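Undergrad: Pasting the sequence and the predicted coordinates here, then a few questions.
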Amino acid sequence: MLKLTKTLRLIHTIKHLKMIQIYYRFFYLLRNKIRKITNHQYSLSIETLDSPRDIKFMNFIHYNTIYENQTFTFLNIKQSFESEVFEWNYSKYGKLWTYNLNYFDYLRQENMSCEKGESLIEDFVDKSPTIKDGLMPFPISLRGINWVIFLSTYQIKNQKINSSLYAQYMKLMDNLEYHILGNHLLENSFSLLFGAYYFNDEILYAKAYTILTNELDEQILSDGAHFELSPMYHQIMLLRVLDCINLMQNNDWKDDNLVSIFILKAEKMLGWLECMTYENGNIPLFNDSTTGIAPTSKELFKYALKLGIKVKHSELDDSGYRKITNRRYECVIDVGNIGPDYIPGHAHSDTFNFELYVKNKPVIVDTGLSTYEANKLRAKERSTSSHNTVEINGMNQSQVWGGFRVAQRAKVIELVEDENSIFATHDGYKKLGYMHTRKWKFTENSITVIDTIVGKEANAISYLHFHPNVSVKIENNIVLTPFVTIEYPSTVKLSLSEYNYASKFNQTIKAIVVMATFKNNLTMEITTL
């Protein structure tokens, strides 16, 4: 029975993939097996016919200090290496930490010297025959951009480094992430563009142009959102678009429409980010979002202004997010689907989730993200019970599994909106015989949330997760906090529990979650104070 369940889960996951993903998964798998037999090895050093160009790039974004005194800090974990003997395969803290070690983002920190940066790069080049994860397509992509910017900024003419970098780009060209798509393929193509400009390489440019023109249209929705629907990844993708504009505006090599495409996309992406960003500068932590990874919205708006890019103001639409703002509160809700069916890796089981800020303070919040490891903690953070929505019979609305997989998933099948209310229904519990409808009604100082479970009698729980700075108690079926009161019917069973609020990778803080147990109907009245 367990084997059948896993098989069905796999079928429901695979059936949403694009044919190009399936083809390249099998192609790369078969090719790797053949290459293992034939002992195929990529060249680690390839000299180019022409010397690299002197690329001009305006460094308007500086990363926080993540390397100092032989100590690297990624994902809020520090690791020191003695006498600058760097272990590029260091894996104690998981693959994402190893990836960050190999991204070389620290080359863009403000206090990185020319001598220290070049020394780090040379150490990587010298040890490249033994490097594993760092020579995967995704790290090559991010590292390529960072190396090009750093080498160009300091006008470093190092043939050994350039030959290594060009060899890495040749490997990337042979392993583009068509089997994944989404932000991975975009990162590949952004990097190819930087490599093309740096090496004056028409082949790299042609591939970058083809992927970028196709994928930007696919991945940037009409309201400006990045289609994986993570505000954090939206910020990262916007940074890359701005970096590409920076590159093309400051270097006269190509005279085509690509920079115009970037500018149009950047304007829309800035508009979406403006809508989603709270007045205090925070973003909602929906899906895989956390703080300390992407540049802040303020930094991105400032970067765009220096490039002469305007914000194209827009209304939230096909991203599925909505934001209601008045002088008392800001409320962001999710009435959309989980994201693109063929790449939902950063999605959570969170349909009808919402966050509430009162007078610029976070009150009801998404529980956040602390890990990408495929473990029980990641499963918990992606689950329905970790979001401000309704769980029925202890099941997830969408079947999240394996770290970055989704099998059966909730679909929003009805959405009705007017000036002061939003009404939506999803079918995530259809397999159990239920439909969940949630209605929000907004006034100047209150929000009424009405949940209706259509079907047989249900065992339902509505969750509200409060920010760690918010004290919570219950009196007479009223939730009392310094910012809001929430009144429930007397027939509803309320309870308080602790949860782990994760606003950063590998960091959690204890906070309070309110659980309202009900059958088929629930009304809660949230009043701001």
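TA: Received, thanks.
Undergrad: Now for the residue sitting nearest the centre point of the chain: which residues touch it?
TA: In the chain, the residue lying closest to the centroid (CA atoms, centre = their mean) is residue 233, at 3.2 Å. Remark: with contacts taken as CB atoms under 8 Å, 6 or more residues apart in numbering, residue 233 is in contact with 183, 226, 288, 289, 294, 346. For the C-beta atoms, the positions are set from N, CA and C on the backbone; glycine is no exception.
Undergrad: The fifth one contacts residue 235, correct?
TA: Read that as residue 294. Yes - under the criterion of CB atoms under 8 Å, residue 294 is in contact with residue 235, at a separation of 3.7 Å.
Undergrad: and residue 439, how far is that from residue 352?
TA: 10 Å (CB to CB, to the nearest Å).
Undergrad: Going along the chain, name the strands of the stretch 51-200 of the chain.
TA: Taking DSSP state E, counting those that start in this stretch, the strands of the stretch 51-200 of the chain run over residues 67-68, 71-74, 77-80.
Undergrad: Give the buried residues for whichever strand or helix holds residue 262.
TA: Counting by DSSP states H and E, the element that carries residue 262 is helix 258-276. By neighbour count on 16 or more other CB atoms under 10 Å, the buried set for helix 258-276 is 258, 261-263, 265-276.
Undergrad: what sits up against it?
TA: 209, 212-213, 216, 220, 223-226, 231, 234-235, 237-238, 241-242, 244-245, 248-249, 283-284, 297, 300-301, 304, 309-316, 319, 321, 323, 332.
Undergrad: Filter those residues down to the ones in strands?
TA: Counting by DSSP state E, the members of the contacts of helix 258-276 that fall within strands are 321, 323, 332.
Undergrad: Tell me, how many residues neighbour the first one?
TA: A count of nearby residues for residue 321, using other CB atoms under 10 Å, gives 22.
Undergrad: Okay, and the beta partners of it?
TA: The residues listed as beta-bridge partners of residue 321 by DSSP bridges are residue 334.
Undergrad: my read: it touches residue 339, true?
TA: No - under the contact definition of CB under 8 Å, residue 321 does not touch residue 339, with a separation of 11.6 Å.
Undergrad: what do these two both touch?
TA: Here residue 321 and residue 339 have residue 229 as joint contacts, going by CB under 8 Å, 6+ apart.
Undergrad: Output the below-cut-off pLDDT ranges for the chain.
TA: In the predicted model of the chain, residues 1-4, 83-84 satisfy pLDDT under 70.
Undergrad: Repeat the analysis, applying 80 as the threshold.
TA: Applying pLDDT under 80 to the chain flags residues 1-5, 49-50, 65, 82-85.
Undergrad: per the record, what domains does it have?
TA: For the chain, whose domains are defined here by automatic domain parsing, the residue ranges read 18-198, 220-315, 321-528.
Undergrad: and residue 9, which of those is closest to it?
TA: Between residue 9 and those, the shortest separation by CB to CB is 4.4 Å, and it involves domain 321-528.
Undergrad: Take the strands of the stretch 51-200 of the chain and write them to a markdown table, including mean neighbour count and distance to residue 391.
TA: Rendered in a markdown table, the data for the strands of the stretch 51-200 of the chain read as follows (neighbours: other CB atoms under 10 Å; distance: least, CB to CB, whole Å):
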| stretch | mean neighbour count | distance to residue 391 |
| --- | --- | --- |
| strand 67-68 | 18 | 43 |
| strand 71-74 | 17 | 33 |
| strand 77-80 | 13 | 32 |
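Undergrad: Which among the ones you listed is found nearest to residue 379?
TA: strand 77-80 (21.1 Å).
Undergrad: name the helices or strands packed onto the closest one?
TA: Under the contact criterion of 3 or more CB pairs under 8 Å, 6 or more residues apart in numbering; DSSP states H and E, strand 77-80 touches strand 71-74.
Undergrad: mind checking how far the strand it packs on is from the chain centre?
TA: Distance of strand 71-74 from the chain centroid (CA atoms, centre = their mean, to the nearest Å) equals 21 Å.
Undergrad: now do stretch 440-456
TA: So, by CA atoms, centre = their mean, the centroid of stretch 440-456 is 29 Å from its chain's centroid.
Undergrad: Convert the C-alpha atoms of that stretch to PDB, please.
TA: What follows is stretch 440-456 as a C-alpha-only set of coordinates in PDB (Å, rounded to 0.1, in the frame of the first residue of the first chain):
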ATOM      1  CA  TRP A 440     -12.500  38.500   3.500                       C
ATOM      2  CA  LYS A 441     -14.500  41.700   4.300                       C
ATOM      3  CA  PHE A 442     -12.600  44.900   4.900                       C
ATOM      4  CA  THR A 443     -13.500  48.000   6.800                       C
ATOM      5  CA  GLU A 444     -11.300  50.900   7.900                       C
ATOM      6  CA  ASN A 445     -10.500  49.300  11.200                       C
ATOM      7  CA  SER A 446     -11.500  45.600  10.900                       C
ATOM      8  CA  ILE A 447     -11.300  42.500   8.800                       C
ATOM      9  CA  THR A 448     -13.900  39.700   8.900                       C
ATOM     10  CA  VAL A 449     -12.700  36.300   7.700                       C
ATOM     11  CA  ILE A 450     -15.500  33.700   6.900                       C
ATOM     12  CA  ASP A 451     -14.500  30.100   6.200                       C
ATOM     13  CA  THR A 452     -17.000  27.700   4.700                       C
ATOM     14  CA  ILE A 453     -16.300  24.000   4.300                       C
ATOM     15  CA  VAL A 454     -18.700  22.400   1.800                       C
ATOM     16  CA  GLY A 455     -19.200  18.700   2.100                       C
ATOM     17  CA  LYS A 456     -19.600  16.200   4.900                       C
END
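Undergrad: so which helix or strand takes in residue 510?
TA: Short version: residue 510 belongs to strand 507-518, going by DSSP H and E.
Undergrad: Can you give the strand pairings for that strand, parallel or anti for each?
TA: When pairing is defined by DSSP bridges, strand 507-518 lines up against strand 460-465 (antiparallel), strand 493-504 (antiparallel).
Undergrad: From the contact counts, what lies against the helix or strand just after that strand?
TA: Later in the chain than strand 507-518, the nearest helix or strand by DSSP H and E is strand 521-528. Contact here means 3+ CB pairs under 8 Å, 6+ apart; on that basis strand 521-528 packs against strand 446-455, strand 460-465, strand 484-487.
Undergrad: contacts for strand 521-528?
TA: Outside of strand 521-528, the residues that reach it under the criterion CB under 8 Å, 6+ apart are 328-329, 356, 358, 390, 445-453, 460, 462, 483-489, 492, 516.
Undergrad: That one pairs with which strands, and in what direction?
TA: Listed by DSSP bridges, the sheet partners of strand 521-528 and their directions read strand 446-455 (antiparallel), strand 484-487 (antiparallel).
Undergrad: can you put those in CSV and add distance to residue 13?
TA: Formatted as CSV, the strands paired with strand 521-528 follow (distance: least, CB to CB, whole Å):
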stretch, distance to residue 13
strand 446-455, 26
strand 484-487, 37
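Undergrad: And for residue 99, the neighbour number?
TA: By other CB under 10 Å, 19 other residues sit near residue 99.
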